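Student: Structure of the sequence below:
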Amino acid sequence: MNNTQRYCYLYLKKILGKALLIVLLLIVFLLIETPNLYAQCSCGGPPLLSSLESPSTAAGVWQFSMTTEYSSVSDFVTFKTELNDDIRDRTVASGLLQVDYGFSDRITISALLTFLQQERSTSTPFGLGGQSEFLRTSGFGDAMLLFKYSLLSPSALARTQLAIGGGIKGPLGSSGILNDNNTLIAATMQPGTGAWDGIFWGSATSVMNRSLGLNVFASATYRVTSANNSFFGDGLGGYRFGNELLTTAGAGIRLSSRLNTTAGLRYRSTRIDQTLDNPADNSGGKWINFSPGVNLKLNDVISVRSSGQIPLWRELQGTQYTTSYSVSFSIFYTLKPKSTSDNNSILKKLN
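Tutor: Numbers count the residues shown, from 1 in each chain. Purely as a prediction, here's the structure:
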């Protein structure tokens, strides 16, 4: 084997090793799921789990991000078939504030706060009475606290980053809003869940070609839920959203020194909800969405990102309204200590 062949062999081996890390990460999280998985709310809520796709930050680095997301929940689907329906229209607008801080090159803490506004309008044809109904709920959603640990210490020269983490989601948001008739609104329309949840997280990124700015990334988050036992009143039984798995895998490429674009697939699955200790009808499914994004670095500390989600495949339990599309916009502000290299963290945040 000559020097050229040996170089090609070592380079290919390095690439395959990095790809294997990402594949293994996804497999570990997917194995947590059992074959029969159903979804909680098929609507788009505050992007709590999807916001956890970034790896950890370097020591002493603060990262602040604000995200707004708009989702149209108008597709009427039974199992895999979309039905023609123009009776109900639902939109979800959410805002999220995330703060990340690197205690060391390996340990990062992330805190998230959310705000949620949902609107639902229902109408019937004039031949059936011509009635209409409008419902709007808004308020602070639940909060999340997550600790991340880098298995590979992040640095500007590192080609691969691998991190794991865990934390909790707390019931900060209201879950007992009543309508004008003094009747409890459905749990899926409440800003908060009223329950404590456990979060398990993992993320991997790998630079495949520095000259082209080509990188691949993957993340997985698993949420273990608990019941809001006071939702229907003490002693009556509560409401529990299903455990949720969210995985994302994709690639990004640098278009210029300030602009890069990403594209990926996002898989979401949750178990069936429980209401009054019984399975909730029409509450489950699995989704695969296409998620493109564009990232722009305005200067050394401020970056912005625009992204969206388009459904490619879904398999729902029963008949449900589900997300037609969603769009989001984020702004990132990074503060680094003077000893930290300027080219270390913004790209990692955007990927």
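
Student: name the helices or strands packed onto whichever strand or helix holds residue 290?
Tutor: Element membership of residue 290 [criterion: DSSP states H and E] is strand 284-297. Under the contact criterion of 3 or more CB pairs under 8 Å, 6 or more residues apart in numbering; DSSP states H and E, strand 284-297 touches strand 244-254, strand 259-270, strand 302-317, strand 319-322, helix 346-350. No exception for glycine: its C-beta is placed from N, CA and C like everyone else's.

Student: Return the most buried member of those.
Tutor: Of all those, helix 346-350 carries the top mean neighbour count, a mean of 22, counting by mean count of other CB atoms under 10 Å.

Student: so where's the stretch 51-200 of the chain shaky on pLDDT?
Tutor: Scanning the stretch 51-200 of the chain for pLDDT under 70 picks out the ranges 51-55, 124-131, 153-158.

Student: before we move on, the earlier item: rank the helices and strands packed on strand 284-297 by pLDDT, which is bottom?
Tutor: Lowest mean pLDDT within the helices and strands packed on strand 284-297: helix 346-350, a mean of 44.

Student: got the buried residues for the strand holding residue 290?
Tutor: Of the residues in strand 284-297, those with enough neighbours to count as buried (16 or more other CB atoms under 10 Å) are 284-287, 289, 291, 293, 295-297.

Student: Touching, residue 258 and residue 297? I think so.
Tutor: Yes. At 4.5 Å, residue 258 counts as touching residue 297 under the criterion of CB atoms under 8 Å.

Student: pLDDT (mean, whole number) over the strand holding residue 290?
Tutor: 94.

Student: Pull up the pairing partners for it, direction included.
Tutor: Applying DSSP bridges to the sheet, strand 284-297 is found paired with strand 259-270 (antiparallel), strand 302-317 (antiparallel).

Student: tell me, how many neighbours does residue 231 end up with?
Tutor: Neighbourhood size, residue 231 [other CB atoms under 10 Å]: 21.

Student: Quick one: mean pLDDT over stretch 224-235.
Tutor: For stretch 224-235, the mean pLDDT works out to 85.

Student: Any idea how far it is from the middle of the chain?
Tutor: Taking CA atoms, centre = their mean, to the nearest Å, the mean C-alpha location of stretch 224-235 is offset from the chain mean by 24 Å.

Student: Give me the residues contacting it.
Tutor: Residues outside stretch 224-235 that contact it (CB atoms under 8 Å, 6 or more residues apart in numbering) are 40, 171, 175-176, 184, 187, 193-200, 237-244, 274, 276.

Student: hmm, try it at 10 Å
Tutor: Under the contact criterion CB atoms under 10 Å, 6 or more residues apart in numbering, stretch 224-235 has outside partners 32, 40, 169, 171, 175-176, 184, 187, 190, 192-200, 236-244, 270-271, 273-277.

Student: So residue 263 sits against residue 295, correct?
Tutor: No. In this structure residue 263 lies outside contact range of residue 295 using CB atoms under 10 Å: 11.9 Å.

Student: Next, show the common contact partners of those two.
Tutor: What both residue 263 and residue 295 touch, as defined by CB under 10 Å, 6+ apart, is the set 252, 307.

Student: Please name the bridge partners of residue 297.
Tutor: Here residue 297 sits in beta bridges with residue 303, as judged by DSSP bridges.

Student: Just to check, it is in contact with residue 260?
Tutor: Yes. Contact status for residue 297 versus residue 260: in contact at 8.3 Å, counting by CB under 10 Å.

Student: For residue 89, see how far away the nearest residue to residue 257 once chain neighbours are set aside is.
Tutor: Using CB to CB, 6 or more residues apart in numbering and skipping the chain neighbours, the partner closest in space to residue 257 is residue 297 (7.8 Å). Taking CB to CB, to the nearest Å as the measure, residue 297 falls 37 Å from residue 89.
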